[in-house]
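Q: Sequence and predicted model, in that order:
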Amino acid sequence: MQITYHVGQHDGGYGYRLGDVWSETFPTHGAALAAAKAAASRQHVEGRDAEIQYQTADGSWHTEHANGGDRPDTEVIDDR
């Protein structure tokens, strides 16, 4: 799986986004870029295996096993 963070102007400053979801606003481009790189690096930290439950849009519940070592590939793209 690939996760891409985009850094750009946001809400009077700069931020980073994943899909359509933006981070908080940072006063400088450099601060937003550093935060995006930190978020991307955290994606590589392994966790523990777990059983997770979630509800889908149609209201049904699903249970699945999440492998703590299954981490995505990440990148940060500067849209400035």
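A: Received the coordinates, thanks.
Q: count of neighbours near Ala39?
A: Neighbourhood size, Ala39 [other Cβ atoms under 10 Å]: 16. For the C-beta atoms, the positions are set from N, CA and C on the backbone; glycine is no exception.
Q: Pop out the phi and psi values for Val45.
A: As for Val45, its main-chain torsions (degrees, to the nearest 10) stand at phi -80, psi 120.
Q: That one: what's it in contact with?
A: Residues in contact with Val45 (Cβ atoms under 8 Å, 6 or more residues apart in numbering) are Arg71.
Q: Relative to Tyr54, how far out is it?
A: 21 Å (Cβ to Cβ, to the nearest Å).
Q: partner strands of the longest strand along the chain, parallel or antiparallel?
A: Longest strand of the chain, by residue count under DSSP state E: strand 2-10. Applying DSSP bridges, strand 2-10 is found paired with strand 13-18 (antiparallel), strand 73-78 (parallel).
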